[in-house]
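> the sequence and its predicted three-dimensional model are supplied below.
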Amino acid sequence: MLLRPVHWWALAIRGVLAVLFGLMTLEMPGITLLVLVLMFGAYALLDGVFDLLSLFHVSSGHWALLVEGLIGIGAGIVTIVWPHITGIALLWVIAFWALLGGVLKIAAGIRLRQVSANYWVLVVAGLLSALLGLLMIASPRGGALAVALWIGTYAIVAGLMMIGLAFRMRRFRQTLEAARAIQS
């Protein structure tokens, strides 16, 4: 699989959104469950849309991006359409979204190892996501405050990693364009 490093900025925007979401969650840990549900729903929906948009920049079809995008959009829609679901139901939606999304990120990262030395960034983000999902599954009655802190911390770390990867993609694009200019 070869990525065309065209829209590094889309990954950077996705990372910034994740960091902002995480900071808001940590800043207001006592927010109501409804606000947390809506914030998560909006983030998951946007994250899924960005995954699907990324499919257009992959030289060969990549099932992991498709599945992760559909899971994110589905999780987002479920939480926005039914915002009054119970805390435990929300926890399960978030937990399985994080676990499945993490496994798919790990798979994508492993596949990228053949074309990028920075594949480990995606693998680490996937491991963090899967760990968040497992922690939430192991402790379903941890309370909305603990869930908010877990989600906020995860979103900040994952967002920072996405921003770092975006700027690496930007440097790669610049190097590629310089090499093409020399060949011309």
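Right, received. Where do you want to start? Numbers count the residues shown, from 1 in each chain.
> contacts and neighbour counts: CA atoms only from here.
Noted.
> and the longest helix along the chain, how far from the chain's centre?
In the chain, assigned by DSSP state H, the helix with the most residues is helix 144-183. Centroid separation between helix 144-183 and its chain, computed with CA atoms, centre = their mean, to the nearest Å, is 11 Å.
> got the buried residues for it?
144-145, 147-166, 169-170, 172-173 (16 or more other CA atoms under 10 Å).
> could you report the neighbour count for Ser139?
Counted by other CA atoms under 10 Å, the residues lying close to Ser139 total 12.
> quick one, helices of this protein?
In the chain, the helices defined using DSSP H lie at 8-27, 33-54, 63-81, 87-112, 119-138, 144-183.
> surely Phe21 and Thr153 touch.
No. At 9.7 Å, Phe21 does not count as touching Thr153 under the criterion of CA atoms under 8 Å.
> now do the contacts for the spatially closest residue to Ile163 that is not a sequence neighbour.
Spatial nearest neighbour of Ile163, excluding adjacent residues (CA to CA, 6 or more residues apart in numbering): Ala12 at 4.6 Å. Ala12 is in contact with 162-167, counting by CA atoms under 8 Å, 6 or more residues apart in numbering.
> looking at these, which two lie furthest apart in space?
The span of these, defined through CA to CA, is set by Met162 and Phe167 at 8.7 Å.
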